[in-house]
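Novice: Pasted the sequence and its predicted model underneath.
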Amino acid sequence: MNPSIKLLLLLVIALEISFTMIISLNVALVILAIIYLGLHGTKLKTLAWLLVVPLLPAIGLWSTQYINGSGDKALMAWVLFTRIYAFVFTGATFTLTTNILQLADALEQNWHLPSKFAYGVLAAYNLVPKIQHEVKIIRAAGLMRGQQLSFWSPQLYFKAILVSINWSQNLAQAMASHGFVEDAPRTHYRHSALHARDWVILGLGIIGLQIGVFVIPWH
C-alpha cells in the first residue's frame with residue numbers, strides 16, 4: 001500500500017474517532033490494529049510495550065473525567081481511556097510498518113510536497129542516531145570536567161542544538177554541491193506510484209469506518 005494513502009486513511013480515522021463516543025468502536029480498532037501488526041511480523045514485546053506505555057496517561061484521563069467530569073462520567077471516562085489506545089495502535093500500524101524513505105518519496109511525488117521539506121525531514125530522521133551519540137559524547141566530556149549533565153540539564157541540550165545547527169549547515173552545503181536546487185525540475189531514481197488498489201483500500205477503509213460509526217449498533 002502506498003505510504004501516503006496509508007497516512008491519509010489513518011488521519012481520517014483519527015479525526016473521526018476524536019468526535020465519536022463509541023467505546024466498542026475504539027476497542028474494535030485496537031483489535032484490528034493488533035491483527036494488522038501481527039500479520040506484519042511485529043514482535044510480542046513491541047505489542048506489550050504499546051499496551052503498557054499509554055497506560056499511565058490513559059488512567060490519568062479516565063480518573064480526571066470520572067472524578068471531575070460532568071454528564072455521564074463513566075461513559076466519557078471509558079471513551080477517553082479506549083481512545084488513547086485507539087490512537088496509539090492505529091498510529092503504530094503506520095510507524096512500525098512504513099519505510100520513512102518510501103513515505104518521503106510518496107509525499108514528494110504523489111502529493112507534491114516541496115522537495116526541500118521532504119528531504120529535510122528525511123535528513124533530520126537519519127540524523128537522530130548521530131544526535132543520540134553526540135549527547136553521550138557531551139555527557140562524557142562533562143564528566144571529565146567534573147560536571148554531571150543530567151537528562152533535564154539545559155546545558156546538555158543547548159550544546160546538542162549547536163552541534164545540530166552545524167550539521168544542518170554542512171548538510172545544506174553537501175546537497176547544493178551535489179546539484180540540489182530548490183524548486184527546480186527533478187528526476188527520480190526511485191518512483192512512487194499510486195495504484196488503483198490503493199484508492200480501493202482507502203475507499204473501503206473510509207466506508208467501513210462510516211459503517212462502524214453510523215450503522216453498527218455498538219454498546
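Specialist: Great, that's in hand.
Novice: can you tell me which residues contact residue 199?
Specialist: residue 5 (C-beta atoms under 8 Å, 6 or more residues apart in numbering). For glycine as for every other residue, the C-beta is placed from the backbone atoms N, C-alpha and C.
Novice: would you put the C-alpha positions of the helix or strand where it lies in CSV?
Specialist: Taking DSSP states H and E as the definition, residue 199 sits inside helix 196-214. Written as CSV, here are the backbone C-alpha positions of helix 196-214 (Å, rounded to 0.1, in the frame of the first residue of the first chain):
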residue,chain,number,x,y,z
ALA,A,196,-5.9,1.6,-8.3
ARG,A,197,-5.8,-0.8,-5.3
ASP,A,198,-4.5,2.0,-3.1
TRP,A,199,-7.6,4.1,-3.8
VAL,A,200,-9.8,1.0,-3.4
ILE,A,201,-8.3,0.3,0.1
LEU,A,202,-8.7,3.9,1.0
GLY,A,203,-12.4,3.9,-0.1
LEU,A,204,-13.1,0.6,1.7
GLY,A,205,-11.4,1.8,4.8
ILE,A,206,-13.4,5.0,5.0
ILE,A,207,-16.7,3.2,4.1
GLY,A,208,-16.0,0.6,6.8
LEU,A,209,-15.4,3.4,9.3
GLN,A,210,-18.7,5.1,8.5
ILE,A,211,-20.5,1.8,8.9
GLY,A,212,-18.8,1.4,12.2
VAL,A,213,-19.9,4.9,13.3
PHE,A,214,-23.4,5.2,11.9
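Novice: pLDDT (mean, whole number) over that helix?
Specialist: Here helix 196-214 scores 87 as its mean pLDDT.
Novice: For the helix or strand of the chain with the lowest mean pLDDT, list every residue counted as buried.
Specialist: Every helix and strand of the chain was ranked by mean pLDDT, DSSP states H and E. The lowest is helix 154-177, at a mean of 76. Across helix 154-177, burial judged by 16 or more other C-beta atoms under 10 Å covers 156, 159, 160, 164, 167, 171, 175.
Novice: out of these, what pair is the most spread apart?
Specialist: Largest separation among those by C-beta to C-beta: 156 and 175, giving 28.7 Å.
Novice: from the buried residues of helix 154-177, which single one is nearest residue 150?
Specialist: Nearest member of the buried residues of helix 154-177 to residue 150, counting by C-beta to C-beta, is residue 156, at 7.5 Å.
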